[in-house]
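Visitor: structure of the sequence below:
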Amino acid sequence: MPLSSETISFVPERASDARLPDGRIDYRKVLNSAQYEAVTFGAGPLLVIAGAGSGKTRTLTYRVARLVEEGITPSTILLLSFTRKASQEMLRRASLLLDKRCQEVSGGTFHSFANGILRRFANRIGFPQGFSIIDRADSEDLISLIRKEVGSADEGHTLPRKATLASIFSRTVNTGINLEDIIYEEYPHFSAQREHIQQIWQLYGTRKHEHHFLDYDDLLVYLHRLLREHEDVRERLALHYEYLMVDEYQDTNRIQADIVTLLAAPRNNVMVVGDDAQSIYAFRGANFKNIIDFPNRFPGTRIIKLEENYRSLQPILDVTNALIAPAAEKYSKHLFTRRSGGKPPTLVAAAGENAQSRFIVREIARLKNQGLSLQRIAVLFRASFHSFDLELELSRGGIPFVKVGGFKFSESAHIKDVIAHMKILASPRDRLSWYRVLLLVKKIGPQSAQRIFEAVLAEGKGATGLLTAKLKPKSNPALDRLKELITAMDAQPGHAVAQQGLLVLKYYLPILQEHYDDHPRRIRDIEQLISIMERYDERLDDFLADMALEPPNTAISGEMAADPVIEDRLTLSTIHSAKGLEWDTVFIIWALDGRFPTYQSIEKPESMEEERRLMYVAATRAQHQLFITYPQEVFDRATQSVLYEPSRFLEAVPADLMEHRFFDPRNMS
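Guide: Reported below is the predicted structural model:
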């Protein structure tokens, strides 16, 4: 498996290490000068520009320990990150450095923090009876229902698919750009349907409110609204959280930056850590300007740069420094390392796409023969389809690999079926989950499902309303089995979540066997899901919230796992999925002008800047060896032209910083 940043370079000291005579941590001994300055910074706004591999996590970890050691009440320290795993790991490390007080620090993702706050103040945002969180798939299903209702009044025009509509709506929320402008700029082929799309957007908001649903984006929207419109709540939270820290600030969107500003005032004891050169998620709504404009939001900001790199050898850093140097807007920095040695990165011009693939297979076989495990090697690419030819060659060469990104097990039908049965118990007004559950029952179609749902709702008894509701037809053996399940699940309100899951599995097993030929594999998935449930004791609401906010997302060889242990395999990954990881040797493929950067981005300065940052992120994943390859003479159907030049970003790299090679398998004996 790839190593996360700092896995090799940094191992937290035990409590007995690096101590002063009075027992306090000797920060000067364990931190470099820039890290020390950030960790020991006092009150006020602080921006830490953390270059790739420069000890960002280490700095945040020691900052937490320092604040607690200074006597700050742990619960008044708020650490926000983009993954729950990241915040938990930082607090775990801080506890190893200091003591268990660090585990009491308030940490989590923006969305989990929003979920916790909104549940406390649900009545203030119009949900006095609470709310359910719907994931992306549920959101798309709701949009699909509305899409069918709206239809299209214009013959010859088709509405966007549900997934596209969900993307349009999410982009509108996260960027703050008007829906109509999003359509004109990014989906011009749907311009004629903009009024229908607007209608679906409005109905989507109405239906969510009617059914007490919040989608992933709503969590931030409603928290922002709560802080902005309810001054007493904002003051209460702002006074409670004495120190605020934000990881990966370059990935925040407009709403998240506003939330940080609202929570930080009036003390403004806010420390944000990030790297403008690694801002690569504009497609998710991340706003590069947030980290650039932070000093304007918080006058008097102290800026500290972490430039000493603990990951890569200097020849690699020389190339990465050159790649990012021409960036139009940036915090200038120069990455360096105290480690010596290393070969210059290699730029390979291949005779064609297949020649590129064969070169990589040959090099990987050579590295493996030299004793380097496959799990320490990665092939990175701009777009998922770039690896298709390579995958065939790897298979022919007998090199096992895992491709990262794409499908999430939590979005698979059988997992969603199981969770839907548990959702109707926790949230009886969850129309989508009721429909999903009822449509699995024999002889029940969409209209019958709607009638049953409305009858259960009218009973006002939660999910058990199914037992007393007047239904037609009165007798349905399959529906009777569902009633038995609900009776069993409701019999003991204190049931542990895993016990509930086992009841659902027993009920669902015949349905699974009837619907899927590969049901043995899917059963293993559900069993693994139940093992995850065991962590939650009787906290069903917490389990459902976590599955919606940050579910395990990997399925390997048919078995899902939060942290899969994979046999020795090569990693193929999009660059977006590789951020935050590192490998001994990295291949960046398709560094061909017109592919990376893409032709679509060439006419858009902001897109070009992000493409440059994407190349930088890819190159900074390598520890010891870096190969950048591109195929020559590739015919591009869209432009009806032949692509043959290396990525224009490489023009900024002096020729003597890289070894230049040409590879044509036809010239080999």
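
Visitor: in the chain, which strand is the longest?
Guide: In the chain, taking DSSP state E as the definition, the longest strand is strand 622-631.

Visitor: then that strand to CSV, C-alphas only?
Guide: Output in CSV follows, covering the C-alpha atoms of strand 622-631 (Å, rounded to 0.1, in the frame of the first residue of the first chain):
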residue,chain,number,x,y,z
ALA,A,622,7.9,10.5,-5.5
GLN,A,623,10.5,9.8,-2.9
HIS,A,624,13.5,8.5,-4.8
GLN,A,625,12.6,8.1,-8.5
LEU,A,626,10.4,10.0,-10.9
PHE,A,627,9.5,9.2,-14.5
ILE,A,628,7.4,11.4,-16.7
THR,A,629,6.3,9.9,-20.0
TYR,A,630,4.3,11.0,-23.0
PRO,A,631,3.4,9.2,-26.3
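
Visitor: contacts for the helix or strand following it next, please.
Guide: Proceeding N to C from strand 622-631, the next assigned helix or strand is strand 634-636, under DSSP states H and E. By Cβ atoms under 8 Å, 6 or more residues apart in numbering, the residues outside strand 634-636 that reach it are 352-353, 592, 594-595, 599, 641-644. For the C-beta atoms, the positions are set from N, CA and C on the backbone; glycine is no exception.

Visitor: show me where pLDDT drops low in the chain?
Guide: 1-17, 152-157, 405-411, 473, 492-494, 517-518, 521, 550-566, 637-638, 668-669 (pLDDT under 70).

Visitor: the stretch 551-669 of the chain: helices as residue ranges?
Guide: Taking DSSP state H, counting those that start in this stretch, the helices of the stretch 551-669 of the chain run over residues 575-578, 599-602, 605-619.

Visitor: using neighbour counts, give me the buried entries of the contacts of strand 634-636.
Guide: 352-353, 592, 594-595, 643 (16 or more other Cβ atoms under 10 Å).

Visitor: in which helix or strand does residue 433 reside?
Guide: According to DSSP H and E, residue 433 maps onto helix 431-438.

Visitor: could you point out the helix or strand that follows the longest helix along the chain?
Guide: Looking across the chain with DSSP state H, the single longest helix is helix 497-515. Using DSSP H and E, the helix or strand that directly follows helix 497-515 along the chain is helix 519-533.

Visitor: could you list the buried residues of the helix or strand that that next one is followed by?
Guide: Once helix 519-533 ends, the next helix or strand along the chain (criterion: DSSP H and E) is helix 540-549. Going by neighbour count (16+ other Cβ under 10 Å), the buried part of helix 540-549 is 540-541, 543-549.

Visitor: thinking again about what came up before, residue 483: which of the buried ones among the contacts of strand 634-636 is nearest?
Guide: For the buried ones among the contacts of strand 634-636, the minimum distance to residue 483 (Cβ to Cβ) is 56.9 Å, reached by residue 595.

Visitor: my guess is that closest one meets residue 643, correct?
Guide: Yes: counting by Cβ atoms under 8 Å, residue 595 touches residue 643, with 6.8 Å between them.

Visitor: the stretch 351-500 of the chain: helices as residue ranges?
Guide: Counting by DSSP H, counting those that start in this stretch, the helices of the stretch 351-500 of the chain are 353-369, 388-396, 413-426, 431-438, 446-459, 465-468, 477-491, 497-515.

Visitor: show me what contacts residue 344?
Guide: With contact taken as Cβ under 8 Å, 6+ apart, residue 344 is in contact with 315, 319, 657-659.

Visitor: adding neighbour count and distance to residue 239, write the residues you listed out as CSV.
Guide: CSV is the format used below for these (neighbours: other Cβ atoms under 10 Å; distance: Cβ to Cβ, whole Å):
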residue, neighbour count, distance to residue 239
315, 18, 51
319, 25, 48
657, 15, 52
658, 21, 55
659, 14, 59
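
Visitor: quick check: the farthest pair among the residues you listed?
Guide: Pairwise distances across the contacts of residue 344 (Cβ to Cβ) peak at 10.9 Å, for the pair 319 and 659.

Visitor: which neighbours do those two share?
Guide: Both residue 319 and residue 659 are in contact with 344-345, where contact means Cβ under 8 Å, 6+ apart.

Visitor: sorry, back to before: can you list the buried residues of helix 540-549 in JSON lines and add distance to residue 365?
Guide: Shown next, in JSON lines, are the buried residues of helix 540-549 (distance: Cβ to Cβ, whole Å):
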{"residue": "540", "distance to residue 365": "50"}
{"residue": "541", "distance to residue 365": "51"}
{"residue": "543", "distance to residue 365": "45"}
{"residue": "544", "distance to residue 365": "47"}
{"residue": "545", "distance to residue 365": "46"}
{"residue": "546", "distance to residue 365": "42"}
{"residue": "547", "distance to residue 365": "41"}
{"residue": "548", "distance to residue 365": "43"}
{"residue": "549", "distance to residue 365": "42"}
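
Visitor: closest to residue 47 among the residues you listed?
Guide: Using Cβ to Cβ, residue 549 is the member of the buried residues of helix 540-549 that lies nearest residue 47, at 27.5 Å.

Visitor: thinking that closest one is in contact with residue 216, fair?
Guide: Yes: using Cβ under 8 Å, residue 549 makes contact with residue 216 at a distance of 7.3 Å.

Visitor: quick check: neighbours shared by those two?
Guide: By Cβ under 8 Å, 6+ apart, residue 549 and residue 216 have these common neighbours: 111, 133.

Visitor: rewinding a little: a markdown table for the buried ones among the contacts of strand 634-636, including distance to residue 388?
Guide: As requested, the buried ones among the contacts of strand 634-636 are exported to a markdown table (distance: Cβ to Cβ, whole Å):
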| residue | distance to residue 388 |
| --- | --- |
| 352 | 14 |
| 353 | 9 |
| 592 | 15 |
| 594 | 18 |
| 595 | 13 |
| 643 | 17 |
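
Visitor: most widely separated two among the residues you listed?
Guide: 352 and 594, at 15.0 Å, using Cβ to Cβ across these.

Visitor: what sits against the nearest residue in space to residue 583 that is not next to it in sequence?
Guide: Counting by Cβ to Cβ, 6 or more residues apart in numbering, the nearest residue to residue 583 once its immediate chain neighbours are dropped is residue 378, at 4.3 Å. When contacts are counted by Cβ under 8 Å, 6+ apart, residue 378 touches 2, 570-573, 578, 581, 583, 585-587, 621.

Visitor: give me the buried subset of these.
Guide: Neighbour counting with 16+ other Cβ under 10 Å marks 2, 570-573, 578, 581, 583, 585-587, 621 as buried within these.

Visitor: let's have these in TSV, adding distance to residue 348.
Guide: Shown next, in TSV, are the buried ones among the contacts of residue 378 (distance: Cβ to Cβ, whole Å):
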residue	distance to residue 348
2	22
570	17
571	19
572	17
573	19
578	20
581	23
583	18
585	14
586	13
587	9
621	18
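
Visitor: tell me the one of those nearest residue 23?
Guide: For the buried ones among the contacts of residue 378, the nearest to residue 23 is residue 581 (36.3 Å; Cβ to Cβ).

Visitor: distance of that closest one relative to residue 404?
Guide: Applying Cβ to Cβ, to the nearest Å, the value for residue 581 to residue 404 is 9 Å.
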